[in-house]
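Novice: the sequence isn't on hand, but the structure is:
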Ligand SMILES: [Zn+2]
């Protein structure tokens, strides 16, 4: 069984850049089937853009796809009580399985007080919060993305203040995987997804592919493979490449099951 804990119905990258959102969804479902991916988390952006649907539109579009689990989001710098109420309702109805926050894209630290009501909401529903961490792309026409907000070390602050909050560090803080390893090792409530490291059908045997493999190996030896969730960041990464990449990491079979689906099943109560 495979659960992809990090996908998007976006129109970006070489796979979906020329499609409409409906086409992106269709291709996602097709690639899941072709690669024996049983379920996938589809992560909403914090706002509607030319490349991303709003959370509500994404929920409507994916309604029929029962093997997808939606992850909500919100504009942390401008949210209102109404936005929190909507997330509360969606979590209550199990229409979303967690909430993702986009630190570097919005320029806020995860430990800022403005985030606390969101963490309390996640705690109320025992739902994970996912942080985008590490490399943060400069998107044309968007406010300048700043990586200092995306450093995984800041997550330690949240993990200690909210020890029952389930936290997922997306992308393992790439390139700061050693820092992420320590945050995972130290905090029982923190996990990481391995998505977005080898993208656009990358050559796994290239110098870059080897570097990424070595970095993940260093991370899981230091912390544990049981702290990792399989994820791709599709449509940025190829599902086929990512399954092969994950299998090449040298993780023992019984631990690999935790990475491929058991950790996600437990965290998202699937
Ligand atoms: Zn992503």
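Specialist: Arrived safely, thanks for sending. This one's a predicted model, so the numbers in the text were calculated from it and none came from an experiment.

Novice: okay, residue 160 and residue 66: tell me how far apart.
Specialist: For residue 160, the distance to residue 66 (Cβ to Cβ, to the nearest Å) stands at 37 Å. For every residue, glycine as well, the C-beta is placed using N, CA and C.

Novice: neighbour count: these two, which is higher?
Specialist: Taking other Cβ atoms under 10 Å, residue 160 and residue 66 do not tie; residue 160 has more neighbours (13 against 8).

Novice: name the element the more buried one belongs to?
Specialist: helix 153-161 (DSSP states H and E).

Novice: can you list the strands that the helix or strand just after that helix pairs with?
Specialist: As assigned by DSSP H and E, the chain's next helix or strand after helix 153-161 is strand 167-170. Using DSSP bridges, strand 167-170 pairs in its sheet with strand 129-132 (parallel), strand 190-193 (parallel).

Novice: okay if I get those strands as JSON lines plus mean pLDDT and distance to residue 119?
Specialist: Below are those laid out as JSON lines (pLDDT from 0 to 100; distance: least, Cβ to Cβ, whole Å):
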{"stretch": "strand 129-132", "mean pLDDT": "98", "distance to residue 119": "6"}
{"stretch": "strand 190-193", "mean pLDDT": "98", "distance to residue 119": "13"}
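
Novice: would you reformat those strands as CSV and include mean neighbour count and distance to residue 235?
Specialist: Formatted as CSV, the strands paired with strand 167-170 follow (neighbours: other Cβ atoms under 10 Å; distance: least, Cβ to Cβ, whole Å):
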stretch, mean neighbour count, distance to residue 235
strand 129-132, 26, 16
strand 190-193, 26, 16
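
Novice: low-confidence ranges, the stretch 51-200 of the chain, go.
Specialist: 140-141 (pLDDT under 70).

Novice: those helices in the stretch 51-200 of the chain, which residues are they?
Specialist: All helices of the stretch 51-200 of the chain, identified by DSSP state H, counting those that start in this stretch, fall at 55-61, 81-92, 103-106, 116-125, 153-161, 177-186.

Novice: show me what the third one is packed up against.
Specialist: Read it as helix 103-106. strand 129-132 (3 or more Cβ pairs under 8 Å, 6 or more residues apart in numbering; DSSP states H and E).

Novice: strands along the protein, start to end?
Specialist: Using DSSP state E, the strands of the chain run over 3-7, 39-43, 68-73, 99-101, 129-132, 167-170, 190-193, 228-229.

Novice: so how far is the first residue of stretch 114-133 from its last?
Specialist: End-to-end distance of stretch 114-133: 18 Å, with Cα to Cα, to the nearest Å as the criterion.

Novice: okay if I get the helices of the stretch 51-200 of the chain as a markdown table plus distance to residue 145?
Specialist: Formatted as a markdown table, those follow (distance: least, Cβ to Cβ, whole Å):
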| stretch | distance to residue 145 |
| --- | --- |
| helix 55-61 | 20 |
| helix 81-92 | 22 |
| helix 103-106 | 5 |
| helix 116-125 | 20 |
| helix 153-161 | 15 |
| helix 177-186 | 19 |
